[in-house]
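S.K.: dropping the sequence and predicted coords here.
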Amino acid sequence: MKKTLFTICSIALVCCAIIMSCTKDDNSIKHVGYAVQSGYGTGNNPNPNGLPYVPPVNSHTNTPTPKDTSGSVSINGGTAFSLKDHGSNSFGFYGIAGAPASGGSNPSLSIDFSSISAPTSGTYTIVSSGPSAGQCQFNFTDALGIAGSASTGTVSVSVGTSNSTCSFSSIICVCGSTTYTLTGSLHY
C-alpha cells in the first residue's frame, strides 16, 4: 500500500511540475525589451516592460527674435549676403536669426543662447544642442532647405547701447552631405 501511495504521489507531483512549466507567462517577471523610439536614435533603446514612448515636455516659452536683426554672412569664403530678421525662436531660448535680405527664407541661420534674455558681452562656446550658461547653439539651413548645426567653435557677443553684435568666424556646419564654412555677424 505504501508503494502504491508513493507512486501515485510521485506521478501527481510530476504532472503538476509539467503543467506549471507549460502555463502562459503571467508577466509576473518583468523583461527588458528594446524598441525604436522616435527622436532617440535608430534603435536599441531600453524599453522596460514594453511601455509606450512618451515624448519629453518642453517647458520653455516662445521668445521672439529682435525685429531689427540685420547683418551679413559669407559661405565658404564667397561673397557675403545680407540678412534680415527671420521670425521667432521656437525653443524658448533667446535666439538671433536671419534670412536673406533679398527675399526668400534660405539660406538662413539662427544662434540660440541659454537663457530667455539677451546674451551679455562675451565669448560663447558652440554646442550641438541644448545650450547652458556660456554656450550657444548655431543652426544653419542651406539654399536647398537642408538644415544642420555646428558642434564646435565660438561666437562673440558685443553688447552696445543702440544695438548689439554677434560675430563668428570659420564655423563649420554640415547640412546633409554638404559642409559649409560660415563667417559673419548679426546685429540686433
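M.R.: Done, it's in. Owing to the predicted nature of the structure, the values given are computational and were not obtained by experimental measurement.

S.K.: quick one: the strands in this protein?
M.R.: Here the chain has its strands, by DSSP state E, at 32-35, 45-48, 63-64, 70-75, 81-85, 88-89, 95-100, 108-113, 122-127, 135-141, 147-149, 154-158, 165-175, 178-187.

S.K.: from those, which stretch is densest packed?
M.R.: Mean neighbours per residue, mean count of other C-beta atoms under 10 Å, is largest over those for strand 108-113, with a mean of 26. For every residue, glycine as well, the C-beta is placed using N, CA and C.

S.K.: tell me what that one is packed against?
M.R.: On a contact count with 3 or more C-beta pairs under 8 Å, 6 or more residues apart in numbering; DSSP states H and E, strand 108-113 meets strand 95-100, strand 135-141.

S.K.: okay if I get the ones you listed as JSON lines plus distance to Ile19 and mean pLDDT?
M.R.: Compiled in JSON lines, these are given as follows (distance: least, C-beta to C-beta, whole Å; pLDDT from 0 to 100):
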{"stretch": "strand 95-100", "distance to Ile19": "65", "mean pLDDT": "80"}
{"stretch": "strand 135-141", "distance to Ile19": "61", "mean pLDDT": "90"}
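
S.K.: nearest to Phe168, of those?
M.R.: Comparing these against Phe168 with C-beta to C-beta, the closest turns out to be strand 135-141 (7.2 Å).

S.K.: was I right to think Ser158 contacts Leu186?
M.R.: No - the pair Ser158 / Leu186 is not scored as a contact, 11.3 Å apart, by C-beta atoms under 8 Å.

S.K.: ok so, going back, now tabulate the strands of the chain in JSON lines and tack on distance to Ile11.
M.R.: Listed next are the strands of the chain as JSON lines, based on distance: least, C-beta to C-beta, whole Å:
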{"stretch": "strand 32-35", "distance to Ile11": "39"}
{"stretch": "strand 45-48", "distance to Ile11": "41"}
{"stretch": "strand 63-64", "distance to Ile11": "77"}
{"stretch": "strand 70-75", "distance to Ile11": "84"}
{"stretch": "strand 81-85", "distance to Ile11": "86"}
{"stretch": "strand 88-89", "distance to Ile11": "75"}
{"stretch": "strand 95-100", "distance to Ile11": "77"}
{"stretch": "strand 108-113", "distance to Ile11": "74"}
{"stretch": "strand 122-127", "distance to Ile11": "70"}
{"stretch": "strand 135-141", "distance to Ile11": "72"}
{"stretch": "strand 147-149", "distance to Ile11": "71"}
{"stretch": "strand 154-158", "distance to Ile11": "80"}
{"stretch": "strand 165-175", "distance to Ile11": "71"}
{"stretch": "strand 178-187", "distance to Ile11": "75"}
